[in-house]
Structure formats: structure tokens, C-alpha cells
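Participant: Provided below for reference: sequence and predicted model.
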Amino acid sequence: MRYYLANGIYPNWSTFVKTIPYPQGWKKKHFAKAQESVRKYVERAFGVLQARFAIVRGPVHFWDEETLVDIIKACIIMHNMVIEDEGDIGNNDFDGSDANPLVEVSHAYTPELEDFM
């Protein structure tokens with residue numbers, strides 16, 4: 001069985017581990033703080049991937065779990081390759097506005113293409 005970090009908007013299922021709303025005692029307080037930290041880290045990471053890769057932004061219910069895992073792994077690998085290639089410029093705050101710029105399609109004659117074909 002797998003467990004998933006979740007917040008209050010998800011239903012009360014046994015697989016969703018939600019934050020303790022009012023933790024009492026140091027053990028529960030530590031757990032709540034650690035869980036919230038990890039959940040926010042994961043949300044930020046997915047935000048970066050969603051801003052960079054359109055496939056992560058779209059609906060996921062069309063693919064099986066194995067395909068989703070492959071997609072996420074591929075996006076993480078490509079993201080790391082881009083960061084490595086560009087150097088970590090310290091600006092990983094993507095708003096998604098320039099992630100997929102509109103491209104204008106030309107229907108003009110292209111001699112290079114005709115020669116290639």
C-alpha cells in the first residue's frame with residue numbers, strides 16, 4: 001500500500017496522510033512540520049516542471065501509472081540537463097508565460113525543404 005502527502009482538500013482516505021491540524025506534543029509537532037515542509041517542496045518541484053513542460057500541465061487520467069512515472073522521470077532528467085547546460089542562474093521561478101511561446105507558421109515556398117524531400 002502507498003501513502004500520499006495531502007492537505008485538507010482531499011477526502012479522508014487511509015492512503016492520504018494529512019497534516020495534523022493542531023499538533024499536541026513535540027513528536028506530533030515535529031511530524032507536522034516535517035510533513036508540511038516535504039509537501040511544499042514537492043509542490044514547488046511540480047510547479048517548476050509544469051511551467052517548463054506542457055505534458056505535465058495536462059490531464060493525467062488518460063495514461064496508466066507506469067507511463068506517468070516515465071513522463072515525470074523524463075521531465076526531471078530534461079530539466080536537470082537544461083539547468084546543467086545553462087548553469088544554475090538562480091532563477092527557477094517560472095510563471096509559465098514564456099514556457100511555450102506562440103510560433104507563427106509560414107506556408108511560403110522553402111527551396112531547401114523541397115530539395116531535401
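Facilitator: Looks like it arrived, so ask away.

Participant: can you show me the strands along the protein?
Facilitator: 4-6, 16-18 (DSSP state E).

Participant: mind listing what the first one pairs with, with the direction of each?
Facilitator: When pairing is defined by DSSP bridges, strand 4-6 lines up against strand 16-18 (parallel).

Participant: got any ranges where the chain has weak pLDDT?
Facilitator: Along the chain, the model assigns pLDDT under 70 to residues 88-117.

Participant: just checking, what's the longest helix in it?
Facilitator: Across the chain, the longest stretch assigned as helix under DSSP state H is helix 26-52.

Participant: what's it packed up against?
Facilitator: Packing contacts for helix 26-52, counted by 3 or more C-beta pairs under 8 Å, 6 or more residues apart in numbering; DSSP states H and E, involve strand 4-6, helix 54-57, helix 65-86. Backbone N, C-alpha and C define where each C-beta goes, glycine included.

Participant: tell me which of the ones you listed sits nearest to residue 18.
Facilitator: Minimum separation from residue 18 across those (C-beta to C-beta) falls at strand 4-6, 5.3 Å.

Participant: which residues sit against the closest one?
Facilitator: The contact list for strand 4-6 (C-beta atoms under 8 Å, 6 or more residues apart in numbering) reads 15, 16, 17, 18, 35, 38, 39, 42.

Participant: and if we set it to 6 Å?
Facilitator: The contact list for strand 4-6, computed with C-beta atoms under 6 Å, 6 or more residues apart in numbering, reads 15, 16, 17, 18, 39.

Participant: now the residues you listed as CSV including neighbour count?
Facilitator: Listed next are the contacts of strand 4-6 as CSV, based on neighbours: other C-beta atoms under 10 Å:
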residue, neighbour count
15, 10
16, 13
17, 15
18, 17
39, 17
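
Participant: now the residue most central in space within the chain: how far from residue 34?
Facilitator: Centroid-nearest residue in the chain: residue 46, 2.3 Å away (criterion: C-alpha atoms, centre = their mean). If you measure residue 46 against residue 34 using C-beta to C-beta, to the nearest Å, the figure is 19 Å.
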